[in-house]
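1. coords below, sequence missing:
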């Protein structure tokens with residue numbers, strides 16, 4: 001079993017302390033604060049542990065305080081509703097006695113519908129054309145910032161293959177539309193809830209980059225102080241998080257030190273599996 005898979009499974013495998021109380025740990029990294037996707041994924045796992053026979057169809061969450069990666073996070077689940085079609089859970093993440101994150105998770109019993117439509121997948125190169133070997137052949141690769149080369153070189157829980165590489169060299173994307181292929185770095189067990197939580201974990205990667213793309217800048221610019229404020233996600237159709245998914249992102253607005261981003265996640269065959277919206281703080285250091 002690869003280190004990546006062990007890391008992701010250990011991140012999402014919470015310890016149950018009481019009926020509605022769970023504890024999660026952070027991986028050992030150099031990050032100064034807990035990755036936002038981690039608390040989303042762990043909180044979803046906590047909610048899923050209290051529901052049987054139904055899967056989440058939407059989440060709505062707020063990042064309240066930065067998480068401390070040096071100590072465990074306590075997740076307290078509130079069972080708000082158990083209806084015939086829908087189940088609702090609220091989960092609060094707690095550190096140092098304070099709420100650092102809050103999420104509402106709604107579960108839906110499967111049902112048939114006469115209405116079924118979706119947007120089309122954008123026309124972009126497939127992930128096979130964006131491998132480390134292929135990208136390294138491009139003259140720009142040697143000049144690529146170290147943090148981007150690490151996308152291809154490091155052992156991480158989520159594999160990322162950005163499509164618009166030019167934006168890392170100052171290229172402005174006027175409409176802010178960017179694309180990145182994502183998947184877990186190793187195969188996951190056949191548990192649909194786990195795949196939902198894994199995709200929620202991955203959904204926070206690079207989303208605010210859509211704001212920066214309009215200006216030919218990235219979130220790794222030392223002048224920037226980015227932070228996720230809130231995050232919403234809707235799950236539409238079945239998928240596997242360990243198979244390639246296209247994350248299409250854009251930013252319709254930015255103002256007052258905040259930027260709004262949206263994302264649509266597709267299977268390679270064009271199936272729309274999830275939609276995402278996030279507002280984040282996009283301040284410059286003074």
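-> That came through, no problem. Just so we're clear, the structure is a prediction, and the values are computed from it rather than from any experiment.

2. For the spatially closest residue to residue 157 that is not a sequence neighbour, give its distance to residue 199.
-> Leaving aside its chain neighbours, residue 157 sits nearest to residue 8 (3.9 Å; criterion: C-beta to C-beta, 6 or more residues apart in numbering). No exception for glycine: its C-beta is placed from N, CA and C like everyone else's. Remark: distance between residue 8 and residue 199 (C-beta to C-beta, to the nearest Å) = 12 Å.

3. Retrieve the pLDDT associated with the most centrally placed residue in the chain.
-> Residue closest to the average C-alpha location in the chain (C-alpha atoms, centre = their mean): residue 203, at 1.7 Å. Note for residue 203: predicted pLDDT of 95.

4. quick one, what contacts it?
-> Residues in contact with residue 203 (C-beta atoms under 8 Å, 6 or more residues apart in numbering) are 37, 40, 231, 233, 247, 263, 265, 274, 276.

5. OK, contacts around the fourth one?
-> Read it as residue 233. By C-beta under 8 Å, 6+ apart, the residues touching residue 233 are 58, 59, 200, 203, 274, 275, 276, 277.

6. who does the fifth one bridge with?
-> Using DSSP bridges, the bridge partners assigned to residue 274 are residue 235, residue 265.

7. how about it, what does it touch?
-> 199, 203, 233, 234, 235, 236, 239, 264, 265.

8. Which residue comes closest to residue 158 once chain neighbours are left out?
-> Nearest to residue 158 is residue 202, by C-beta to C-beta, 6+ apart, at 4.7 Å.

9. Please report phi then psi for that neighbour.
-> Main-chain dihedrals, residue 202, degrees, to the nearest 10: phi -70, psi -20.

10. Over to residue 168?
-> Residue 168 adopts backbone torsions of phi -80, psi 0, taken as degrees, to the nearest 10.

11. Quick one: end-to-end distance for stretch 206-221.
-> One end of stretch 206-221 to the other measures 13 Å (C-alpha to C-alpha, to the nearest Å).

12. sorry, back to before: tell me the SS of the residue nearest to residue 157?
-> helix (DSSP: H, G, I helix; E, B strand; the rest coil).

13. And residue 229, by the same measure?
-> Looking at residue 229 with three-state DSSP, the answer is strand.

14. okay but it is in contact with residue 279, surely?
-> Yes. Using C-beta atoms under 8 Å, residue 229 is in contact with residue 279, at 5.0 Å.

15. Overlap of the contact sets of those two?
-> Joint contacts of residue 229 and residue 279 (C-beta under 8 Å, 6+ apart) are residue 258.
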